[in-house]
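Novice: build me a structure from this.
(one chain, ligands or ions: 1)
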Amino acid sequence: MSSVLLPTIKKAFCGVTSADLVSPNTTSPEMIQPLMPADFSSVWTFLLSFSALHDWLKLIVIGGILETCRRAFYWGYNIFINSFFISATFQDGDDSYDWIMVWLTKQPSWSQARELQISTKSFGLDNPAILVPGEEDDASSLVKGSRKLAYMPSVSTTHSIWYKRRWITINRSKEPSGYYGQHEELLTIRIMTRHQSFLNDLLLEAKQEYMTAQGHKISIYVSNSSSEWRHVASRPKRPLHSIVLDPGIKDLLIDDARDFLASKSWYATRGIPFRRGYLLYGAPGSGKTSIIHSLAGELGLDVYIISLSRIGMDDTVLNELICELPEKCIALMEDIDAAFTQTLNRDEHASEEESEEPPESPKFHESPQFSSRLSLSGLLNALDGVGAQEGRILFATTNKYESLDPALCRPGRMDIHIEFKLASKFQARELFRCFYLPVDEGVGGEDDDIPVKESVESGSGSSESKTLIDFDIPSEPPKVSPPSTPHRAVSERIAAHSVSHAERAPNLSRPKILHLATRFADAIPDRRMSMASLQGYLMGYKTRPFDAVKDITAWMEKECSP
Ligand SMILES: Nc1ncnc2c1ncn2[C@@H]1O[C@H](COP(=O)(O)OP(=O)(O)OP(=O)(O)O)[C@@H](O)[C@H]1O
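Specialist: Purely as a prediction, here's the structure:
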């Protein structure tokens with residue numbers, strides 16, 4: 001054995017073999033014996049006697065000590081950081097990320113930074129005009145507005161700023177997330193303080209600044225490919241009075257939604273799911289989407305748009321999205337019938353309760369390709385299954401009410417059904433007034449309201465009740481004597497391009513506009529045109545109310561001719 005070991009060790013550590021030390025003629029065991037150790041300590045001493053092995057061991061010991069020191073340093077550093085700093089991480093796509101980014105762009109010390117990323121991103125704030133800093137005082141600036149270019153922390157660089165006599169470091173990084181090489185952006189803020197309240201104050205300040213910058217806007221969210229809600233836009237609140245519906249509809253919607261939002265404990269004590277669904281159906285361009293956005297502004301709720309026919313939508317994704325909705329919000333499913341006719345298909349394993357609907361339902365034969373994996377039972381379960389979010393208001397719109405599955409329309413899922421019809425004379429008149437009355441005078445003055453006949457059959461108002469509404473507006477508007485000769489001269493004098501529409505419109509008195517509105521409504525047959533078409537027509541006469549009235553008959557004939 002020794003004859004094998006010795007050459008191996010020598011070769012390994014010294015690069016020589018026993019063959020180099022002893023000549024082939026002198027390899028007798030007696031001659032090798034004195035080189036071999038007798039016990040373990042001797043083996044150790046023997047091994048150390050090789051200088052290379054000695055150096056290796058020294059290296060291992062020194063390396064080990066250095067690594068231990070390094071780890072000890074980081075351990076101490078982390079303890080120090082955790083004791084004297086508070087770290088918070090914000091993820092791009094989350095609301096708080098936008099608050100902090102907007103807050104950062106407004107920090108004065110930020111302007112001293114040497115390494116920045118310049119961005120025109122609005123972080124959800126809807127203000128398209130972007131000023132380069134300094135341009136706001138420049139009369140010749142290209143745009144007017146208040147939003148400046150965003151100076152963002154550049155990626156992978158740590159920046160420090162002073163805020164309220166605290167040292168803050170900011171680090172923006174991109175971390176791999178999910179599949180397909182996607183990255184998510186993280187922003188880490190480290191504040192030199194021992195009190196978490198400082199972080200809370202900072203967050204509160206950032207949120208308040210964001211809300212102030214957002215002003216009177218509603219936030220719109222859509223889902224991304226990872227089935228997460230993303231803030232895509234902030235829209236100005238649309239005033240309720242700008243939407244002209246038959247009398248009673250707006251009041252019913254707003255009162256019911258307000259009552260619902262204030263009734264959480266009522267629902268809880270009765271064990272009724274705290275959810276409310278509204279189905280708005282009827283003619284295209286009759287104001288279904290507009291009223292939902294307007295209601296969102298009125299109720300101070302954000303709108304979450306659920307697109308049932310988008311690629312990748314299936315039962316699981318829909319369920320996840322509905323579970324992820326915040327407690328108080330408006331979930332909007334537009335054109336729910338399109339999802340039926342194009343993509344929805346009845347799950348073979350649908351529950352017995354749902355399968356009571358007639359098998360001849362149009363969706364069965366109207367589904368040409370089963371491109372989506374979304375099933376009707378998946379939709380029904382998502383709407384009121386165990387994971388469905390409490391407190392949400394669901395609005396669904398459709399142009400084909402009769403094609404909807406009865407299970408989808410039943411109370412508890414869609415509690416209130418409201419029909420939106422083509423424009424009545426009343427609506428045509430109100431729309432005209434909206435267009436030409438000065439903003440501060442508004443619409444709906446009590447002196448000129450048209451009496452309407454309204455029939456409302458309403459339920460008890462609980463979640464399980466359904467309200468059916470059918471508004472019938474008389475086609476006879478009050479007769480008003482025709483106006484004097486239209487002031488063509490007034491409208492023809494208007495030519496300037498550099499003034500606003502309001503400035504170019506003739507300054508007519510309220511009675512005159514009401515008079516014209518009545519004549520306009522007289523020329524429009526009841527329930528023949530959509531409000532969107534009438535709006536489109538009036539858009540061509542923004543500053544010419546007399547011409548709008550004069551040309552309406554010819555336009556109607558053209559529109560109604562086959
Ligand atoms: N009742 C209304 N009052 C005021 N404007 C209206 C009304 N109805 C429609 N409009 C105008 O017509 C346009 C389209 O309206 P909206 O999208 O709300 O209609 P819709 O019923 O949702 O149509 P669709 O069913 O095709 O989606 C909007 O610009 C809106 O301003």
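Novice: next, count neighbours for the residue nearest to residue 373 when sequence neighbours are not counted.
Specialist: Distances taken as Cβ to Cβ, 6 or more residues apart in numbering place residue 314 nearest to residue 373, at 3.7 Å, with adjacent residues excluded. Bear in mind the C-beta positions are built from the backbone N, C-alpha and C, glycine included. Residue 314: 15 surrounding residues under other Cβ atoms under 10 Å.
Novice: same question for residue 540.
Specialist: 11.
Novice: same thing with residue 55?
Specialist: 11.
Novice: tell me which element it falls in.
Specialist: helix 51-84 (DSSP states H and E).
Novice: so which elements touch that helix?
Specialist: Secondary-structure packing of helix 51-84 (3 or more Cβ pairs under 8 Å, 6 or more residues apart in numbering; DSSP states H and E): helix 2-14, helix 40-48.
Novice: helix 40-48 and that one, what's the angle between them?
Specialist: 90 degrees (axes from the mean of the first three to the mean of the last three Cα atoms, to 10 degrees).
Novice: in the helix or strand just after helix 51-84, which residues are buried?
Specialist: Per DSSP H and E, the first helix or strand lying C-terminal to helix 51-84 is strand 85-91. Neighbour-count burial for strand 85-91, counted by 16 or more other Cβ atoms under 10 Å, picks out 85-86, 90.
Novice: any idea of the mean pLDDT for the helix or strand that strand 85-91 is followed by?
Specialist: Downstream of strand 85-91, the first helix or strand assigned by DSSP H and E is helix 95-105. Averaged across helix 95-105, pLDDT comes to 85.
Novice: helix 95-105 to strand 85-91, inter-axis angle?
Specialist: 110 degrees.
Novice: assign the spatially closest residue to residue 521 that is not a sequence neighbour to helix, strand or coil.
Specialist: Leaving aside its sequence neighbours, residue 521 sits nearest to residue 429 (Cβ to Cβ, 6+ apart; 3.7 Å). Of the three states, residue 429 takes helix according to DSSP: H, G, I helix; E, B strand; the rest coil.
Novice: where does residue 429 land on pLDDT?
Specialist: On the pLDDT scale, residue 429 is placed at 94.
Novice: from residue 535, how far out is it?
Specialist: Noted for residue 429: a distance of 14 Å to residue 535, by Cβ to Cβ, to the nearest Å.
Novice: of the two, who's got more company?
Specialist: Legend: neighbour count by other Cβ under 10 Å for residue 429 and residue 535, higher for residue 429 (26 against 17).
Novice: what distance do you get for the more buried one to residue 438?
Specialist: To residue 438, residue 429 is 17 Å away according to Cβ to Cβ.
Novice: so the residue nearest to residue 521 touches residue 523, yeah?
Specialist: No: applying Cβ atoms under 8 Å as the test, residue 429 and residue 523 come out as separate, 10.8 Å apart.
Novice: about what we covered before: could you tell me the least trusted of the helices and strands packed on helix 51-84?
Specialist: Note on the helices and strands packed on helix 51-84: helix 2-14 shows the lowest mean pLDDT, a mean of 50.
Novice: pLDDT on the helix holding residue 55, on average?
Specialist: 88.
Novice: what residues of that helix count as buried?
Specialist: So helix 51-84, judged by 16+ other Cβ under 10 Å, has zero buried residues.
Novice: same check, this time on stretch 286-296
Specialist: For stretch 286-296, the neighbour count (16+ other Cβ under 10 Å) marks 286-288, 290-296 as buried.
Novice: and that stretch with the ligand, contact?
Specialist: Yes: contact of stretch 286-296 with the ligand (Cβ under 6 Å from any ligand atom) involves 286-290.
Novice: what does that stretch rub up against?
Specialist: By Cβ atoms under 8 Å, 6 or more residues apart in numbering, the residues outside stretch 286-296 that reach it are 218, 235, 237-240, 242-245, 249-250, 253-254, 257, 280-282, 301-303, 330, 332, 334, 395, 397, 420-423, 530-532.
Novice: 6 Å - rerun?
Specialist: Residues from elsewhere that reach stretch 286-296 (Cβ atoms under 6 Å, 6 or more residues apart in numbering): 218, 238, 240, 243, 280, 303, 330, 332, 395, 397, 420, 530-531.
Novice: narrow the residues you listed to those in strands?
Specialist: Among the contacts of stretch 286-296, the residues falling in strands (DSSP state E) are 218, 280, 303, 330, 332, 395, 397, 420.
Novice: ok, the third one touching residue 222?
Specialist: No: counting by Cβ atoms under 6 Å, residue 303 does not reach residue 222; the two are 9.5 Å apart.
Novice: who's more crowded, these two?
Specialist: residue 303 (22 against 17).
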